[in-house]
Structures are given as C-alpha cells and as structure tokens.
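Participant: only geometry, no sequence info:
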C-alpha cells in the first residue's frame with residue numbers, strides 16, 4: 001500500500017485517480033474524481049519526489065516503532081474513528097485499538113474509506129464536538 005501512496009508514475013490526473021481510489025470506496029472515488037480530480041491532480045503535480053520520499057520514510061518509521069505495548073498506559077479520553085471500507089488502514093485496526101486502550105469511544109463510518117472525513121464532514125465534526133463536550137474536560141487546563 002505504501003508504494004501506491006507515493007507512486008508518481010503516469011500523468012497527474014492518473015495519479016489523482018489512483019489516490020482517490022485508495023482513499024475512498026469505488027463509487028465515492030469515482031464521484032470525487034469527477035468533481036475534484038483536476039484539483040487533486042494540480043496539487044499532486046506540485047509535490048516533489050523528495051517530499052513523497054519523506055512521507056514514505058515517516059510511514060516506515062511509524063510501522064517500525066511498535067507502540068502497542070504502551071496503549072494500555074493511556075489515561076486520557078480517546079476517540080477512535082474509522083471508515084468501514086478503508087483499504088489503507090483496515091477498520092479491523094480500530095477494533096484492535098479499542099481492545100488495547102482503556103475506555104475509548106469508537107465510531108465507524110459505514111461505507112467510509114481512508115478519507116472518510118471528506119465523506120462525512122458534518123457527522124465527524126458533530127462526533128468530535130460531542131466527544132469533547134463529554135470527555136474534553138481531561139484536556140482543559142486551569
């Protein structure tokens with residue numbers, strides 16, 4: 001998956017199409033590509049190979065740095081949100097986090113891909129606001 005995320009082969013529009021299909025379920029990706037494909041392609045064309053390589057290095061470092069053993073030590077409220085059809089980070093990973101972190105909130109967005117926040121901006125914002133209203137006091141300072 002990592003190689004697909006940083007793949008610079010093809011035209012910017014081909015790259016945009018690949019990226020959107022990685023981040024969203026097929027029907028959503030197709031719709032987003034029709035509506036935003038040129039914008040994504042233009043942005044993609046501005047990315048340097050060096051930047052993409054640094055992104056790949058960050059992803060590699062994340063996967064090497066195993067933090068699972070530290071998750072049980074979390075003592076602040078946690079909100080875990082995931083798309084049920086995420087192929088970049090499968091939704092099963094959210095369930096693994098729920099089982100590893102004491103008392104988290106879990107929200108799974110149906111038919112949501114890796115970019116579920118673009119699919120469900122208002123429901124996600126409402127969820128975050130609700131989470132902060134209930135559990136946000138842990139983050140406030142006097």
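Facilitator: Right, received. Where do you want to start? Owing to the predicted nature of the structure, the values given are computational and were not obtained by experimental measurement.

Participant: how near is residue 3 to residue 117?
Facilitator: 24 Å (C-beta to C-beta, to the nearest Å). All C-beta atoms are positioned from the backbone trio N, CA, C, and that covers glycine.

Participant: for residue 24, same thing?
Facilitator: Look at residue 24 and residue 117: by C-beta to C-beta, they are 11 Å apart.

Participant: flag the shaky bits of the protein, pLDDT-wise.
Facilitator: In the predicted model of the chain, residues 1-2, 66-68, 136-142 satisfy pLDDT under 70.

Participant: tell me the centre residue of it?
Facilitator: residue 114 (4.6 Å; C-alpha atoms, centre = their mean).

Participant: run a quick neighbour tally on the residue nearest to it when sequence neighbours are not counted.
Facilitator: Distances taken as C-beta to C-beta, 6 or more residues apart in numbering put residue 88 closest to residue 114, at 4.0 Å, once the chain neighbours are dropped. When neighbours are counted by other C-beta atoms under 10 Å, residue 88 registers 14.

Participant: next: residue 61.
Facilitator: 9.
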